[in-house]
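# Could you look at this predicted model? Sequence included:
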Amino acid sequence: MLGLFNQIFTPANVVFMMNGLKMTVIIAVLSTAISIVFGILLALIRTYGRGGWKWAGTLVAVYTEFFRCTPNLLWILWIYFTVRGNKIGVCVFAISLFTSAVMAEIFRGGLNAVPKGQFEAARSQGFSFCGTLWYIVLPQMFRKVIPALLSQVITVIKDTSFLKMVDVAEFMRNCGVVLGSIYDVRGMLMLFCFEAACYFSICFALSCVVRTYQKTIAAA
């Protein structure tokens, strides 16, 4: 068993797989950052779009429902084969396009959980609408959506494994290359356990950070 382990986890193989894990983290971070920004904008438009902006709220509703009700992998494949550009950039765009719809619903739930009286109180203190959102509503919203937001971030990390289908050198794809040289079932299971351990370590670490943050906020 030790000999099989040494055969699989050679220095070259480990570096190769870790480079894939690095790419997974980079793609996940970029996609998450873009999705958070775009998701907030979508949630604000759908929640506060009134009067002449009502049509924009309708478009946002169509966008979010359309993407939330279709598979992420479908959009990765569709955009990869129809949009020209840097492979990594195209994949980040594809994941962000899908994830933004999910983020928008998370943030919309957080906005709806903030009491409407906050706007009246802020207006009485001289805050503008934008100032109320920036200084009062959005901070409260983020506190309320942290658990759901974390859950989606973890999903994004795991969803990067779909990029193996378009030959992006992320973690699952690089591990798959190593797997191609293994002909022993025990070795395959060993490699699968290694992949699971890496994903679990990253996602569980994120969970611990957010739990600590929540406890700090609750104690403050």
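Cool, the structure landed.
# mind listing what's buried in the longest helix along the chain?
Longest helix in the chain by number of residues (criterion: DSSP state H): helix 11-48. Using 16 or more other CB atoms under 10 Å as the test for burial, helix 11-48 gives 13, 17, 20-21, 23-24, 27-28, 30-32, 34-36, 38-40, 42-47. Heads up, the C-betas are built off the backbone N, CA and C, glycines and all.
# How about residues contacting stretch 126-133?
44, 118-119, 122-123, 135-136 (CB atoms under 8 Å, 6 or more residues apart in numbering).
# Just give me how far stretch 25-33 sits from the chain centre.
Distance, stretch centre to chain centre, for stretch 25-33: 7 Å (CA atoms, centre = their mean, to the nearest Å).
# follow-up on the earlier one: who are the packing partners of the longest helix of the chain?
In this structure, helix 11-48 packs against helix 54-68, helix 87-113, helix 138-159, helix 171-179, helix 185-219, with contacts taken as 3 or more CB pairs under 8 Å, 6 or more residues apart in numbering; DSSP states H and E.
# Compare the contacts of stretch 126-133 and tell me which is most surrounded.
Leu44 (20 neighbours; other CB atoms under 10 Å).
# Distance of it relative to Val137?
9 Å (CB to CB, to the nearest Å).
# which residue packs closest to Met188, ignoring adjacent ones?
Ile182 (5.5 Å; CB to CB, 6 or more residues apart in numbering).
# Does the one you found fall in a helix, a strand, or a coil region?
coil (DSSP: H, G, I helix; E, B strand; the rest coil).
# Give me the distance between it and Gly110.
Per CB to CB, Ile182 is found 46 Å from Gly110.
# ok, the two, which is more surrounded?
Gly110 (23 against 16).
# So that one is in contact with Pro147, correct?
No: Gly110 is not in contact with Pro147 according to CB atoms under 8 Å; the separation is 10.7 Å.
# low-scoring pLDDT stretches of this structure, where are they?
Along the chain, the model assigns pLDDT under 70 to residues 1-2, 50-52, 218-220.
# Give me the neighbour count for the nearest residue to Ile76 once chain neighbours are set aside.
For Ile76, ignoring the flanking residues on the chain, the nearest one in space by CB to CB, 6+ apart is Ala94 at 4.6 Å. Ala94 is flanked by 24 other residues according to other CB under 10 Å.
# and if you look at Arg186?
Close neighbours of Arg186, defined as other CB under 10 Å, add up to 12.
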